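Q: This is a predicted model, with the sequence first.
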Amino acid sequence: MANVIVLGTQWGDEGKGKIVDLLTEHANVVVRFQGGNNAGHTLVVDGTKYILHLIPSGIIRPNVVCCIGNGVVLDPIALIKEIDELSESGITVNSSNFKISPLTNMIMPYHQGLDSAREKHKGKAKIGTTGRGIGPAYEDRVARRGIRVGDLANRQVFESKLQANISYHNYMLENYYEAPTFNFEQMRDEFLRIGETLAPYVDDISVILDKEIKENRPILFEGAQGTMLDVDHGTYPFVTSSSTVAGSACIGSGVGPTAINYVMGIVKAYTTRVGSGPFPTELNDDVGTHLAKVGAEFGATTGRSRRCGWFDAVVVRHAIRTSGVTGFTLTKLDVLDGLDTIKICTGYTRNGQHFDTIPSDTTILDDCTPIYEEVPGWKGESAADARTYEELPETAKSYIRRLEELLGIPAAIISNGPDRYQTMVVTNPFG
Ligand code: GDP
Ligand code: IMO
Ligand code: MG
């Protein structure tokens, strides 16, 4: 039995949620290991759409245990809202199918206050965060002052940590950012109530996963964001505050690397990005508009328009290397229907210098010009209508083969529509 990591290879929104839902058919447990409710993972099952931000995308399937690992930053208010919304659409979340690590750091209301105050303060240089308080919560984690889910079980510890945090962050908010501050008593009472609501879900995720591994039951690790948003390997500082690469799955859930058998990279057939920062293949023309419109490229979390551009093999190769990706899922192939020709970026050039890897200096990346190869589209034929790989237009198959050549790994799954059934599995990562 295999344990599989699913992660994004570009700037997020590659279609991870859809593929996690699909592959959960073969998994007993699905774990989120980093990020928070900055994520927006969409899945469509028989026409019904679900958008998940914190709860793993395996929740739609019965008899699957969904876990929040220690590497996540958890906004409990957002979580309770998500549980309620799921229950309204008939999906039950209870202490048997949902578990949270007590080691998980919480996103507190002052983290959101700091996130928006900092973005405002940065002006034009802003990162374009989701405003969910992700960065400030991760800062508190490494500063060793974070409040963890487990702290809610110990009133004394919780109150003293909250008191210290509020006093520290209020000082910055008031004096440095001239932004609104937060009230201790109000937050204490709210979070003590939240603690009671969350208590039944709290469990040792590392121990749960270890038992699954020893008993040979498959685990699916659900990544959020994408490699180019990784805090080290991405386009720093225009990144999120967590590690999004495969190694993070182990650290953020409490398993060792020997437990991982397959890393599935989710690859969009073109490229998108939300927020600021370099994006070499970005298109500000009719093709960009076509991709945005046909691909419905609006953020699942903030509703912002996603920037769109051609496929960038330099970016995806970077992800494959930094995560040891085994095989890839190509999503949104249908969105390229109707184009005369398609461009693939194979490298960059800048002042006569050639790059076939991502330059570490983001200002250099920002100044790079993509080198394209142009391949024929399949205008007049439809990738969207194909139900099997064989039924895909010949030129669409050539596009997939060219990507496999450039990336050096096989296409394991092809996705040609948002619904669960619009998927062709060439190789099942679970074996
Ligand atoms: P995630 O964050 O990686 O889970 O991706 P998002 O859910 O934010 O964005 C992907 C969007 O594309 C969602 O609206 C999906 O429903 C949709 N989607 C996923 N796969 C396909 C596909 O193959 N074709 C089309 N047209 N849409 C897809
Ligand atoms: P999923 O899991 C796309 C981007 C934000 C911003 C940067 C930092 O749905 O793929 P943050 O709020 O994390 O501090 O913002 O990261 N970002 C995402 N972009 N998909 C996501 O998640 C993202 N999560 C964060 O737009 O540029
Ligand atoms: Mg998303």
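A: Now that the structure is in, tell me what you want to look at. Residues are numbered from 1 along each chain as shown. Ligands and ions are numbered 1, 2, ... in the order given.
Q: Quick check: residues of the stretch 151-300 of the chain near ligand 2?
A: Proximity of the stretch 151-300 of the chain to ligand 2 (Cβ under 6 Å from any ligand atom) is limited to residues 224-226, 229, 240-241, 274-275, 300. Heads up, the C-betas are built off the backbone N, CA and C, glycines and all.
Q: quick one, phi/psi of His41?
A: Here is the backbone geometry of His41 (degrees, to the nearest 10): phi -110, psi 120.
Q: which parts of the stretch 251-400 of the chain sit against ligand 1?
A: The stretch 251-400 of the chain has residues 296, 300, 331-332, 334-335 near ligand 1, with proximity defined as Cβ under 6 Å from any ligand atom.
Q: what's the farthest-apart pair in the residues you listed?
A: Farthest apart among these by Cβ to Cβ are Ala300 and Asp334. That separation is 18.2 Å.
Q: For those two, indicate the residue with more neighbours.
A: Neighbours of Ala300 and Asp334, each counted by other Cβ atoms under 10 Å, are more numerous for Asp334; the result is 22 against 18.
Q: Now do the contacts for the more buried one.
A: 382-384, 416-417, 422 (Cβ atoms under 8 Å, 6 or more residues apart in numbering).
Q: Could you tell me the model confidence score at Cys250?
A: pLDDT for Cys250: 98.
Q: can you check Ala300 too?
A: Looking at Ala300, its pLDDT is 82.
Q: before we move on, back to that, same list (the residues of the stretch 251-400 of the chain next to ligand 1) but as CSV, adding distance to Asn183 and secondary structure.
A: Listed next are those as CSV, based on distance: Cβ to Cβ, whole Å; DSSP: H, G, I helix; E, B strand; the rest coil:
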residue, distance to Asn183, secondary structure
Ala296, 41, coil
Ala300, 32, coil
Thr331, 45, strand
Lys332, 45, coil
Asp334, 50, helix
Val335, 47, helix
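Q: Show me which of the residues you listed is closest to Leu283.
A: Looking at those and their distance to Leu283, the nearest is Val335, at 13.0 Å (Cβ to Cβ).
Q: Now that closest one. Nearest residue, chain neighbours left out?
A: In space, and not counting its chain neighbours, Val335 is closest to Gly295: 4.2 Å by Cβ to Cβ, 6 or more residues apart in numbering.
Q: residues in contact with the one you found?
A: 270, 272, 308, 332, 335.
Q: Give me the distance between the first one and Ala143.
A: In this structure, Tyr270 and Ala143 are 39 Å apart, going by Cβ to Cβ, to the nearest Å.
Q: which of the two has more neighbours?
A: Counted by other Cβ under 10 Å, Tyr270 and Ala143 do not tie: Tyr270 has more neighbours, with 28 against 9.
Q: from memory the more buried one sits against Val335, does it?
A: Yes. Contact criterion Cβ atoms under 8 Å: Tyr270 and Val335 qualify, at 6.8 Å.
Q: joint contacts of the two?
A: By Cβ under 8 Å, 6+ apart, Tyr270 and Val335 have these common neighbours: 291, 295.
Q: got any ranges where the protein has weak pLDDT?
A: 1 (pLDDT under 70).
Q: Helices of that one, start to end?
A: According to DSSP state H, the chain carries its helices in the segments 16-23, 76-88, 109-122, 134-142, 155-175, 184-198, 205-214, 247-251, 286-294, 313-323, 362-366, 394-407.
Q: quick one: the residue in the stretch 301-431 of the chain positioned nearest to ligand 3 from Ala39, how far?
A: Using Cβ to the ion, the closest approach of the stretch 301-431 of the chain to ligand 3 is made by Thr301 at 6.6 Å. Between Thr301 and Ala39 the computed distance is 7 Å (Cβ to Cβ).
Q: Repeat that for Gly69.
A: The gap separating Gly69 from Ala39 is 14 Å, by Cβ to Cβ.
Q: Kindly report the same for Glu215.
A: With Cβ to Cβ as the criterion, Glu215 and Ala39 are 29 Å apart.
Q: Asn170 too?
A: Distance of Asn170 to Ala39, computed by Cβ to Cβ: 29 Å.
Q: And the two? Which one has more around it.
A: Ranked by neighbour count (other Cβ under 10 Å), Asn170 and Ala39 place Ala39 first, with 29 against 18.
Q: Could you find the closest non-adjacent residue to Leu162?
A: Arg188 (5.8 Å).
Q: so who does Val64 touch?
A: Contact analysis of Val64 by Cβ under 8 Å, 6+ apart lists 24, 27-30, 58, 97.
Q: and if you look at Thr48?
A: Ser89.
Q: circling back to that earlier point, make a markdown table out of the contacts of Val64 and add neighbour count and distance to Ile320.
A: Below are these laid out as a markdown table (neighbours: other Cβ atoms under 10 Å; distance: Cβ to Cβ, whole Å):
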| residue | neighbour count | distance to Ile320 |
| --- | --- | --- |
| Thr24 | 24 | 24 |
| Ala27 | 26 | 23 |
| Asn28 | 17 | 27 |
| Val29 | 26 | 26 |
| Val30 | 25 | 23 |
| Gly58 | 26 | 25 |
| Asn97 | 22 | 33 |
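Q: May I see those residues organised as CSV, with distance to ligand 2 added?
A: Below are these laid out as CSV (distance: Cβ to the nearest ligand atom, whole Å):
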residue, distance to ligand 2
Thr24, 16
Ala27, 19
Asn28, 23
Val29, 19
Val30, 14
Gly58, 15
Asn97, 21
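Q: Among the residues you listed, which one sits closest to Gly327?
A: Ala27 (16.6 Å).
Q: is the nearest residue to the closest one once chain neighbours are set aside in a bridge, and if so with what?
A: In this structure, Ala27 finds its nearest non-sequential neighbour in Leu220, 4.0 Å apart by Cβ to Cβ, 6+ apart. Counting by DSSP bridges, Leu220 forms beta bridges with Val4, Val30.
Q: Around ligand 3, which positions in the stretch 301-431 of the chain sit nearby?
A: For the stretch 301-431 of the chain, no residue is in contact with ligand 3 (Cβ under 5 Å from the ion).
Q: need the strands for the stretch 301-431 of the chain, in chain order.
A: For the stretch 301-431 of the chain, strands defined by DSSP state E, counting those that start in this stretch occupy the ranges 307-309, 311-312, 327-331, 341-350, 353-355, 369-376, 411-415, 423-425.
Q: could you dump those to JSON lines with distance to Arg118?
A: Shown next, in JSON lines, are the strands of the stretch 301-431 of the chain (distance: least, Cβ to Cβ, whole Å):
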{"stretch": "strand 307-309", "distance to Arg118": "22"}
{"stretch": "strand 311-312", "distance to Arg118": "29"}
{"stretch": "strand 327-331", "distance to Arg118": "33"}
{"stretch": "strand 341-350", "distance to Arg118": "31"}
{"stretch": "strand 353-355", "distance to Arg118": "32"}
{"stretch": "strand 369-376", "distance to Arg118": "32"}
{"stretch": "strand 411-415", "distance to Arg118": "36"}
{"stretch": "strand 423-425", "distance to Arg118": "40"}
